[in-house]
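> no sequence on this one, just coordinates:
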């Protein structure tokens, strides 16, 4: 089984507005809009038995649908920027869904996930200076999306590559 992770899909209309932020940053490898997502929990490379257990346990999640919005742009990496992303406006419903998935994964024997900061990656960076990234964020960091409805979360798989897709929906889990 390929590498797995759970995520929230970004609606096409929000993806379109995010894609308009592309460009103007040397060394950026921009994520294709159809691959925008908000990762909830990285599962990793697992065998078929564990993958089936993960799929079954995620099917037991009972949460209500909720609304989200993106709120500003930022970067990971500090003085050596690695990526540019759209931040997610604070959402208790999102954090509860994420925490439940974290508990499930740990019960299945997976190691605890790293510190969680909800975001949508827009670009992975190579050789971009912190000054270039600061200038980019100064001109585009104001970005705010309209609120969008989250009716489900998905289990994605990705093929071993340099990141950024393509991603395949292995299973979808509706939120009530």
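Yes, it's here. Source: prediction; values computed, not measured.

> under the pLDDT cut-off, which ranges of this structure? List them.
Low-confidence segments of the chain, defined by pLDDT under 70, are located at 1, 160-165.

> show me where this protein has helices.
Using DSSP state H, the helices found in the chain span residues 12-19, 48-58, 92-107, 130-140.

> mind putting those in a markdown table, distance to residue 31 and mean neighbour count included?
C-betas here are computed from N, CA, C, even on glycine. Putting the helices of the chain into a markdown table (distance: least, CB to CB, whole Å; neighbours: other CB atoms under 10 Å) gives the following:
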| stretch | distance to residue 31 | mean neighbour count |
| --- | --- | --- |
| helix 12-19 | 9 | 16 |
| helix 48-58 | 24 | 15 |
| helix 92-107 | 20 | 16 |
| helix 130-140 | 15 | 15 |
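
> right, and the ones you listed - which one's nearest residue 36?
With CB to CB as the criterion, residue 36 lies closest to helix 12-19 of the helices of the chain, at 4.9 Å.

> other residues contacting the closest one?
Contact partners of helix 12-19, identified using CB atoms under 8 Å, 6 or more residues apart in numbering, comprise 10, 33, 34, 36, 70, 86, 120, 122, 143, 145, 146, 148.

> how distant is it from the center of its chain?
Taking CA atoms, centre = their mean, to the nearest Å, one finds helix 12-19 lying 14 Å from the centre of the chain it belongs to.

> looking at the helices of the chain, which is nearest to residue 171?
Taking CB to CB as the criterion, residue 171 comes closest to helix 48-58 out of the helices of the chain, the separation being 5.2 Å.

> ok, residues contacting the closest one?
Helix 48-58 is touched from outside by 1, 4, 6, 43, 46, 101, 104-105, 107-109, 153, 155, 170-171, 173, with contacts defined as CB under 8 Å, 6+ apart.

> nearest spatial neighbour of residue 11, skipping sequence neighbours?
With sequence-adjacent residues excluded and distances taken as CB to CB, 6 or more residues apart in numbering, residue 11 is closest to residue 148, at 5.0 Å.
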